[in-house]
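**Student:** have a look; sequence and predicted model below, questions after that.
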Amino acid sequence: MEHLTLESFKTKVFNFEENKEWKFEGEKPCIIDFYADWCAPCRMVAPVLEELSKEYDGKVDIYKIDTEAEQDLAALFGIRSIPSILFVPMNAQPQMAQGALPKNALEQAIKEVLAVEK
């Protein structure tokens, strides 16, 4: 799993400086975990996302954004509560889910929102 900064976000997800409308820059669907180190529910989600990154290796990219370090990115998505998890399909609008989702809910979103099967 890769931690995104403002710069890497623009090349891998969305270059909001060049595009007003959503335009995904990635090569495969992705999940972005907006988290903070002090957030207990975020720490519960982290190992689940680690598992999913192995299980969907090569099919889905999983990124993490530290909302404390990357406040501009958190503001861009209007993050008010964490964890917030953004599901980004290849050719559709991203969808945000809030809270520490269990693994089966994450897998369901990967299937339904990202259109990816294991």
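**Tutor:** Looks like it came in fine. Numbers count the residues shown, from 1 in each chain.
**Student:** sec struct for the residue lying farthest from the centre of the chain, please.
**Tutor:** In the chain, the greatest distance from the average C-alpha position (CA atoms, centre = their mean) is reached by Glu18, at 20.7 Å. Secondary structure, DSSP: H, G, I helix; E, B strand; the rest coil: Glu18 is coil.
**Student:** what's the separation between it and Cys30?
**Tutor:** According to CB to CB, to the nearest Å, Glu18 and Cys30 sit 19 Å apart. For every residue, glycine as well, the C-beta is placed using N, CA and C.
**Student:** what do you get for Val60?
**Tutor:** Computed as CB to CB, the Val60 to Cys30 distance reads 6 Å.
**Student:** across the sheet, point out what pairs with the spatially most central residue of the chain.
**Tutor:** With distances taken as CA atoms, centre = their mean, Ile32 lies nearest the centre of the chain, 1.0 Å away. Beta-bridge partners for Ile32, by DSSP bridges, are Tyr63, Leu86.
**Student:** that one contacts Val13, correct?
**Tutor:** Yes - here Ile32 reaches Val13: they are 7.0 Å apart, a contact under CB atoms under 8 Å.
**Student:** quick one: contacts for the closest residue to Glu55 other than its chain neighbours?
**Tutor:** Sequence neighbours aside, Lys118 is the residue nearest to Glu55 in space, at 6.3 Å (criterion: CB to CB, 6 or more residues apart in numbering). Taking CB atoms under 8 Å, 6 or more residues apart in numbering, we find Lys118 in contact with 55-56, 59, 107.
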